[in-house]
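Chemist: sequence below, structure please.
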Amino acid sequence: MVRLFVRIFAVIGLMAVLLVAGAIFLAMQFGPKPKALPGAIVLELDLEKPMAEAPSNDPFAGFGSRRQPTVRDVVEALDRASADPRVKGLVAHFGNNSQGMAATQELRAAVERFRRSGRFALAHAETFGEFQSGMQSYYLASAFEQVWMQPLGNLGITGVMIEAPFFRGTLDKLEMVPQIGKRQEYKSAAEPFMETQASSANREMTESLLNDLFGQMVEGVAAARSLTPDQVRQAVDRAPLLDREAVDSKLVDRLGYRDEIEAEARGRAGDGKLVPLSDYAGGTQAAAPGTRVALVTGSGAIQRGTGGAGPFGGGSDFASDDTVEAFDRAIGDPQVKAILFRVNSPGGSAVASEAVRRAVRRARAAGKPVVVSMGDLAASGGYWVAMDADRIVAHPATLTGSIGVLGGKIVTTGLTDKLGIGFTLQQRGANAGIWTDKRAYAPGELQRRDAMLDDIYAGFTAGVAEGRKLDRAVVDRIARGRVWTGRQAKENGLVDVLGGYPEALAEIRTLLKLAPDAALDLVPYPAPKTQLELVMDVLQGDGQVRLGAWLARDALADTVAEYRPLLAKLQPLLAAARQEEMVLLMPPTGIGGY
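Modeler: Down below sits the predicted model:
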């Protein structure tokens, strides 16, 4: 009887999913087509929500209001609009959700290029941080010609702070013993489990990062607002600033409401029409294609195997098999002359990182230059996959480096004993139980774990020395697990050029010996799947979430949505603690308060 009910519900669930897939297909076939664009356009950009680095694997993300443009979408649309005579200006609406620092700098540079083309750019926020910091959001807004804020709003440019939790005290209370090794002293990703407070090396590293990141924001705001850095720092130390205080400090130009700034923008455009930037991007064509360049994106924690589609959203996976396949397609395509590899990752599996690194080397051997463009993070495994590229381009605020490794386990016997759970361990082979969390390492097992850590660290530093053409003594000094900003990394020889997509494409033109203004046709490899293809992947069992799991978890989707970003950040670290594999993972710096 139970089996009968299970089969009935399975059939009902399958029919429901098929109906959804059919509805999606019909929406794609008969849905509204792109609207004709008016003759005078003011682009409207919604910055209430952060943008992804790559398109989502969520099969439903492209419908309704869930579709969020990527950083590349916005940059490309603004650059295209800079040469479109119909586009007169830009108005952007800011909220409390900000991008990462490097993505912010990418968008900031795009706005500055847009303004240099002779078009206006207006920024509006109801508030820059209502009872929270608005530092990074305002840093982006300062690149606009005018900054407006709604009356009663406040300018929360309160600076940058560190807030990093440590769980060792909790583990002690639970009688769980962490045994996680690292190479070297700055590789602090396991410190939340191993310590009750940050180590001196960790504090030194994060102080350096804070100083540089804060300095970059102060310098950027000061230059954009025609103020001195000291004036900006004084305003930061008085923040949050009330609405009139923000105007008096010359950080906000005008107090006004959303409808007022939109009316101002339309008037400046000669009665122009507001057009969402996503509609503009979808309703215009890029310039005539030039030399084809493959765009391969690796975003998220690096893992072995394949990623795929899931019905619960989230960012794209940085799966080694998928990334290697993308390189293989680009290498095998005679039209592709170079590869732009966009990396936005805190690291992950060491062997997965090495598989991707090999793909980079094979592309170069095939005569196709590889330029890495770093996003917010390209650290540890994220640097491993980049170190053999022809050129590495990073934003000043990119967090990179973290050349080190960690691995180990947390022994849970004390907790299970308290709960009255007993285990019988039987094994064949001296080290068969090396990864069990039911007992501590035996001396021989600990020696083998440390040998693995030493081997991976030696391979990492040797690879950096070879790929970056640096002396091994220099690599030993700048490695040791230490995280650097992009600006610091360039000073240390880990990065070639500071900038984003335009600078990376300029490097490709140089490597291909093209003119500085030569047209490039940047094509994603592989081509993004349509929503219908993603749904079919899930139905066929090719996605991350199989049909049965989808149906079982559907009621939980909304519940966990709020916590998904946090869980995504914790997953690789927890994997390291469980010792699924040796990991190249950037330490959780805890830098926040933007």
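
Chemist: got the end-to-end distance for stretch 91-103?
Modeler: Start and end residues of stretch 91-103 are separated by 19 Å (C-alpha to C-alpha, to the nearest Å).

Chemist: separation between the residue nearest to Glu175 when sequence neighbours are not counted and Phe423?
Modeler: Leaving aside its chain neighbours, Glu175 sits nearest to Gly414 (2.4 Å; criterion: C-beta to C-beta, 6 or more residues apart in numbering). No exception for glycine: its C-beta is placed from N, CA and C like everyone else's. With the distance defined as C-beta to C-beta, to the nearest Å, Gly414 ends up 13 Å from Phe423.

Chemist: between the two, who's got more neighbours?
Modeler: Gly414 (15 against 12; other C-beta atoms under 10 Å).

Chemist: only alpha carbons, please: show the helix or strand hosting that one as PDB.
Modeler: Using DSSP states H and E, Gly414 falls within helix 413-418. C-alpha atoms of helix 413-418 as PDB (Å, rounded to 0.1, in the frame of the first residue of the first chain):
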ATOM      1  CA  THR A 413      34.100  11.000  19.700                       C
ATOM      2  CA  GLY A 414      33.600  13.200  22.700                       C
ATOM      3  CA  LEU A 415      30.200  14.400  21.400                       C
ATOM      4  CA  THR A 416      29.000  10.900  20.300                       C
ATOM      5  CA  ASP A 417      30.000   9.500  23.700                       C
ATOM      6  CA  LYS A 418      27.900  12.200  25.400                       C
END
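
Chemist: mean confidence for it?
Modeler: Mean pLDDT, computed over helix 413-418, is 90.

Chemist: and it, how far out from the chain middle?
Modeler: What separates the centre of helix 413-418 from the centre of its chain is 38 Å, taken as C-alpha atoms, centre = their mean, to the nearest Å.

Chemist: ok, stretch 510-525 next?
Modeler: Worked out by C-alpha atoms, centre = their mean, stretch 510-525 lies 25 Å from the chain centre.

Chemist: how about residues contacting it?
Modeler: 287-297, 326-327, 329-330, 333, 336-340, 369, 371, 390-391, 505-506, 508-509 (C-beta atoms under 8 Å, 6 or more residues apart in numbering).

Chemist: just the buried ones from those residues?
Modeler: 291-297, 326-327, 330, 336-340, 369, 371, 390-391, 505-506, 508-509 (16 or more other C-beta atoms under 10 Å).

Chemist: and the strands in the stretch 401-550 of the chain?
Modeler: Per DSSP state E, counting those that start in this stretch, the stretch 401-550 of the chain carries strands over the ranges 405-411, 483-485, 497-498, 520-524.

Chemist: so which of the ones you listed gets nearest Gln150?
Modeler: Nearest to Gln150, of all the strands of the stretch 401-550 of the chain, is strand 483-485, at 33.2 Å by C-beta to C-beta.

Chemist: partner strands of that closest one, parallel or antiparallel?
Modeler: Here strand 483-485 is paired, per DSSP bridges, with strand 399-401 (antiparallel).

Chemist: list of residues touching the strand it pairs with?
Modeler: Counting by C-beta under 8 Å, 6+ apart, residues outside strand 399-401 touching it are 102, 209, 374, 376-379, 382-383, 394, 478-479, 482-486, 489, 492, 494-495, 586, 589.
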